[in-house]
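S.K.: below is the structure, and that's it, no one-letter string:
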């Protein structure tokens, strides 16, 4: 989670964190129909899920996750 939070702090993209009511999952809205779901602990916590206009892809590491976000927004 620390790598993810560091990337968020350093990235040049605007995003809004959304509280979806789950205590272990954070949702980030990057605009343009791009949403990221990031689990903090347990299964699936190393990567995250990117949702683009209803199409969902899972990325197994923060590196893969951030590369996908940069690909979409870059």
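M.R.: It's in. Model, not experiment: these values are computed from the prediction. Residues are numbered from 1 along each chain as shown.
S.K.: nearest residue to the middle of the chain?
M.R.: Residue closest to the mean C-alpha point of the chain, counted by CA atoms, centre = their mean, is residue 36 at 3.4 Å.
S.K.: setting aside sequence neighbours, what's the nearest residue to it?
M.R.: Here the nearest residue to residue 36 in space, its sequence neighbours aside, is residue 28; by CB to CB, 6 or more residues apart in numbering that works out to 4.5 Å. No exception for glycine: its C-beta is placed from N, CA and C like everyone else's.
S.K.: beta partners of the one you found?
M.R.: residue 17, residue 36 (DSSP bridges).
S.K.: contacts only, for it.
M.R.: Listed by CB atoms under 8 Å, 6 or more residues apart in numbering, the contact set of residue 28 reads 8, 15-18, 35-36, 38.
S.K.: would you say residue 3 is within a helix?
M.R.: Yes - applying DSSP: H, G, I helix; E, B strand; the rest coil, one finds residue 3 inside a helix.
S.K.: ok, and the closest non-adjacent residue to it?
M.R.: residue 62 (4.6 Å).
S.K.: now the one you found: phi and psi?
M.R.: Dihedral angles phi and psi of residue 62 (degrees, to the nearest 10) take the values phi -60, psi -40.
S.K.: if I look at it, how far off is residue 6?
M.R.: According to CB to CB, to the nearest Å, residue 62 and residue 6 sit 9 Å apart.
S.K.: any low-confidence regions in this protein?
M.R.: 44 (pLDDT under 70).
S.K.: quick one on the thing from earlier: the residue nearest to the centre of the chain and residue 65 touch, don't they?
M.R.: Yes - Residue 36 lies in contact with residue 65 (CB atoms under 8 Å); the separation is 7.2 Å.
S.K.: who touches both of the two?
M.R.: Joint contacts of residue 36 and residue 65 (CB under 8 Å, 6+ apart) are 48, 50.
S.K.: and residue 64, what element?
M.R.: Element membership of residue 64, judged by DSSP states H and E, is helix 62-73.
S.K.: who touches that helix?
M.R.: Helix 62-73 is contacted from outside by 3-4, 7, 11, 13, 30, 32, 34, 36, 38, 46-48, 50, 52, 57, 59, using CB under 8 Å, 6+ apart.
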